[in-house]
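In: Whatever this is, show me its structure:
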Amino acid sequence: MRTITIDFLSVFGLMIAYNTVIADDGVMIENDFFRDTLDTFDDDTVDNVTEPACDIIATNPNPCPCQCLSDSLICCNLDNTSPLPKGQCDSYNCSATEITLLNCQLHSTVINRQFILSLGWRQSRLRTLRLRNCSISDTTFGSGLEGLRVLDLRGNKVDAFREPELEMLDSIYLSGNNWPCIDPSKEKRFRSKSNLIFGEKMSWLLDMYWNERWIDRKLTFCNLDDHLQSVEEEIVKKHSVESFLQFTKKTNSTCPALCDCEVADETIKFTLEDMSKYKVNVVCTDLGLTSLPSRLPPDTIYLNMANNQVSSLDLLSNLNPDYKSIERLILTNNSLKSMQGLENSWLQRNGPVLLDVRDNFITQLDTSALESMLSKASINTESNYFFAGNPWSCNCQNIKTIQEFLEKYSSLIMDTEHMHCSDCECTLLHLDYKEMCTKDHDYMIWVILVEAILLVAIMLKLTWDCVRYRRTGHLPWVARHLCWSVPGISRGRWTSTLPSMCAQGEQVIGQEVTQDPNQGVAKGSSGYITCSGTSSHSSKTAQTRTCPGGKESSVVRFL
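Out: Here you go, the predicted structure:
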């Protein structure tokens with residue numbers, strides 16, 4: 001059959017055209033023209049089907065935009081903004097069991113029994129409702145359509161709509177549509193690709209009742225990336241609506257209270273096993289929270305906690321699995337006093353792309369905890385870190401280490417010029433270390449220096465006395481001018497005549513010592529006798545023990 005001729009000179013001709021085709025050999029063949037073609041839902045064939053059908057109906061002199069054909073009622077170009085006048089289609093009294101709506105605008109439309117009756121339908125039981133090339137959003141199906149068995153919504157311009165009120169439905173078809181799972185045009189947070197409103201509104205499809213009746217769920221896809229045009233990328237554009245609804249359900253169940261959880265910009269990772277993998281942004285700003293969320297949705301890569309009262313990062317430590325995928329963490333304008341918790345965290349291990357702790361109360365820049373983190377982050381050219389607005393402690397013990405750290409990672413730390421010390425208005429990076437750490441004199445240095453000099457002088461004097469004694473036999477001046485006696489040895493046995501400076505003011509008590517000065521050290525005493533030259537203070541007439549060479553003897557006693 002190479003050619004098809006359709007005669008629609010009248011309404012009667014339309015009915016004939018619907019049921020017959022004429023082949024080139026002139027044989028008339030029965031054929032359901034609309035029924036066969038309207039079951040297709042490819043984007044290219046929808047227009048080819050709806051346009052001829054609506055052109056035929058447009059030739060109808062009846063102002064009603066519908067036509068009753070055997071067991072089917074076909075309506076074109078219905079518009080919810082211009083409802084049909086009451087009774088405009090009453091003359092049909094159509095007993096069709098199938099209704100097909102073509103090229104209709106059905107935004108916020110309630111498709112119920114009253115709506116169907118306005119199209120000229122009078123059958124008590126409607127079996128099939130089919131929509132093609134219609135705009136459907138926030139549409140309600142049900143209420144009075146108890147007998148409806150099939151709801152076919154393939155090949156339309158769709159958005160989220162409410163759960164149908166159809167308790168007797170056997171099947172629902174949703175494929176062949178560009179479902180706006182990810183819609184960048186709708187309201188969303190910064191760095192989010194889309195909110196989850198579509199998934200929330202359409203979550204009823206995951207209920208057991210609808211899951212059993214959703215016949216083509218494996219062929220129902222989201223239109224995520226309209227910018228992909230090449231044939232090779234067509235498969236990338238197809239992500240099942242079912243997987244997105246499951247993602248929405250899982251994300252919302254673990255989303256922290258009061259926070260917004262959305263689809264991240266870096267949302268989709270493709271694998272052969274799973275066509276779609278979604279990433280999550282969690283936004284908890286301006287909520288007065290005092291701690292980080294104890295639980296996050298799986299695959300959360302962005303957490304914004306700005307303008308709260310968070311005082312601790314302890315929940316990050318011990319490799320908390322909820323923070324395993326975090327790539328961006330914003331903690332601006334909180335109550336942090338330290339960065340304790342970053343050590344042994346996934347952030348430290350992975351090296352986040354963004355860390356913002358500006359405008360807190362942190363005093364110590366923990367370079368040891370940040371070193372490995374920034375080292376890994378330096379691989380990514382998009383990495384940014386912010387530390388300004390904190391009262392940083394600057395002293396001689398840490399300033400040099402901090403400055404070296406800031407200079408090393410100046411390409412990652414974006415606000416080094418705005419990091420100030422708490423005790424001055426000086427910039428931490430440009431603080432003069434030498435001026436800061438040498439302007440106050442350390443007097444202990446002088447004490448230690450004097451002690452060292454004295455120790456060297458004593459050692460030199462001792463060395464000189466030893467050398468002099470070995471050469472001349474002269475005792476050191478101190479040894480020769482001792483003014484006290486050694487217990488157990490009388491003063492006379494040290495020397496026969498004491499120097500005059502020691503003798504002044506002394507009074508001899510008792511009897512004179514008559515011991516022989518030549519006897520040396522008394523019995524029971526320990527010591528030794530030394531010989532030295534005659535002292536200038538010794539009496540020439542004193543009886544002294546002389547050593548060879550005419551030297552004077554002295555006694556040294558061990559105490």
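In: residue ranges with poor pLDDT in this protein?
Out: 1-51, 92, 123-124, 224-238, 267-276, 438-442, 482-559 (pLDDT under 70).
In: Grab the longest helix from it for me.
Out: When the chain is parsed with DSSP state H, its longest helix is helix 443-472.
In: ok, and for it, which residues are buried?
Out: residue 465 (16 or more other C-beta atoms under 10 Å). Where you see a C-beta, it was placed from the backbone N, CA and C, and this is true even at glycine.
In: Roughly how far does residue 415 sit from residue 130?
Out: Distance, residue 415 to residue 130, by C-beta to C-beta, to the nearest Å: 61 Å.
In: element containing residue 148?
Out: For residue 148, there is no host helix or strand (DSSP states H and E).
In: can you check residue 403 too?
Out: According to DSSP H and E, residue 403 maps onto helix 399-408.
In: Name the residues that touch that helix?
Out: Outside of helix 399-408, the residues within contact range by C-beta atoms under 8 Å, 6 or more residues apart in numbering are 365, 367, 370-371, 392, 394, 413, 416, 419, 428-429, 431, 433, 436-437.
In: same question, stretch 196-211
Out: With C-beta under 8 Å, 6+ apart, stretch 196-211 has contacts from 159-163, 172, 179-181, 183, 186, 214, 217, 241-242, 244-249, 251-252, 261-263.
In: can you do 6 Å?
Out: For stretch 196-211, contacts defined as C-beta atoms under 6 Å, 6 or more residues apart in numbering pick out 160, 163, 180, 181, 244, 245, 248.
In: Same check on stretch 359-377?
Out: By C-beta under 6 Å, 6+ apart, stretch 359-377 touches 332-334, 336-339, 342-343, 348, 351, 383, 389-391, 393, 401-402, 405, 409, 412.
In: Report the buried residues of that stretch.
Out: Buried, per 16+ other C-beta under 10 Å, within stretch 359-377: 359, 360, 362, 365, 367, 369, 370, 373, 374, 376, 377.
In: quick one: residue 357 and residue 331 touch, right?
Out: Yes. Counting by C-beta atoms under 6 Å, residue 331 is a contact partner of residue 357 at 5.0 Å.
In: Looking at these two, which one has more neighbours?
Out: Neighbour count, other C-beta atoms under 10 Å: between residue 357 and residue 331, residue 331 has more, with 25 against 22.
In: Please tell me how far the more buried one sits from residue 390.
Out: 11 Å.
In: returning to what we had before: buried subset of the contacts of helix 399-408?
Out: By 16+ other C-beta under 10 Å, these give 365, 367, 370, 392, 394, 413, 416, 419, 428, 429, 431, 436 as buried.
In: Which of those fall within helices?
Out: Going by DSSP H, the helices hold 367, 370, 436 from the buried ones among the contacts of helix 399-408.
In: Output those in CSV, with distance to residue 295 appended to each entry.
Out: Listed next are those as CSV, based on distance: C-beta to C-beta, whole Å:
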residue, distance to residue 295
367, 31
370, 26
436, 46
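In: out of those, who's nearest residue 324?
Out: Among these, residue 370 lies closest to residue 324 (C-beta to C-beta), at 19.3 Å.
In: any idea how far that closest one lies from residue 412?
Out: 10 Å.
In: Please apply the same query to residue 122.
Out: 74 Å.
In: if you count what's nearby, which of the two comes out ahead?
Out: Taking neighbours as other C-beta under 10 Å, residue 122 and residue 412 compare with residue 412 leading, 20 against 14.
In: ok, that one - contacts?
Out: 374, 383, 385.
In: which SS class is the first one?
Out: Same thing as residue 374. When classified by DSSP: H, G, I helix; E, B strand; the rest coil, residue 374 comes out as helix.
In: From residue 368, how far out is it?
Out: Distance, residue 374 to residue 368, by C-beta to C-beta: 12 Å.
In: Residue 98: which of the contacts of residue 412 is nearest?
Out: Taking those together and measuring to residue 98 by C-beta to C-beta, the closest member is residue 383, at 60.1 Å.
In: Not counting sequence-adjacent ones, nearest residue to that closest one?
Out: residue 377 (4.1 Å; C-beta to C-beta, 6 or more residues apart in numbering).
In: For that neighbour, give me phi and psi.
Out: phi -70, psi -20 (degrees, to the nearest 10).
In: Dump the buried ones among the contacts of helix 399-408 to a markdown table, plus distance to residue 200.
Out: Converted to a markdown table, the buried ones among the contacts of helix 399-408 look like this (distance: C-beta to C-beta, whole Å):
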| residue | distance to residue 200 |
| --- | --- |
| 365 | 43 |
| 367 | 45 |
| 370 | 39 |
| 392 | 44 |
| 394 | 51 |
| 413 | 39 |
| 416 | 43 |
| 419 | 43 |
| 428 | 47 |
| 429 | 48 |
| 431 | 53 |
| 436 | 58 |
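In: which two from the residues you listed end up farthest apart in space?
Out: Within the buried ones among the contacts of helix 399-408, 370 and 436 form the most distant pair, 22.7 Å apart (C-beta to C-beta).
In: Specify the beta-bridge partners of the closest residue to residue 157 other than its chain neighbours.
Out: Spatial nearest neighbour of residue 157, excluding adjacent residues (C-beta to C-beta, 6+ apart): residue 135 at 4.6 Å. On the basis of DSSP bridges, residue 135 is bridged to residue 105, residue 157.
In: likewise the one 5 residues further on?
Out: Using DSSP bridges, the bridge partners assigned to residue 140 are residue 110.
In: hang on, it packs against residue 110?
Out: Yes. Look at residue 140 against residue 110 with C-beta under 6 Å: they come within range, at 4.6 Å.
In: Tell me which residues touch residue 348, please.
Out: Here residue 348 is in contact with 342, 372, 373 (C-beta under 6 Å, 6+ apart).
In: secondary structure element for it?
Out: Judged by DSSP H and E, residue 348 forms part of helix 346-350.
In: tell me which strands and helices the helix or strand that comes right after that helix is in contact with?
Out: Using DSSP H and E, the helix or strand that follows helix 346-350 towards the C-terminus is strand 354-356. Where contact means 3 or more C-beta pairs under 6 Å, 6 or more residues apart in numbering; DSSP states H and E, strand 354-356 is packed against strand 328-330, strand 384-386.
In: sorry, back to before: quick one: the buried residues of stretch 359-377 as JSON lines, columns for distance to residue 278 too.
Out: Compiled in JSON lines, the buried residues of stretch 359-377 are given as follows (distance: C-beta to C-beta, whole Å):
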{"residue": "359", "distance to residue 278": "32"}
{"residue": "360", "distance to residue 278": "32"}
{"residue": "362", "distance to residue 278": "34"}
{"residue": "365", "distance to residue 278": "36"}
{"residue": "367", "distance to residue 278": "36"}
{"residue": "369", "distance to residue 278": "31"}
{"residue": "370", "distance to residue 278": "31"}
{"residue": "373", "distance to residue 278": "26"}
{"residue": "374", "distance to residue 278": "29"}
{"residue": "376", "distance to residue 278": "25"}
{"residue": "377", "distance to residue 278": "24"}
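In: Taking those, tell me the two that lie furthest apart.
Out: 359 and 376 (25.6 Å).
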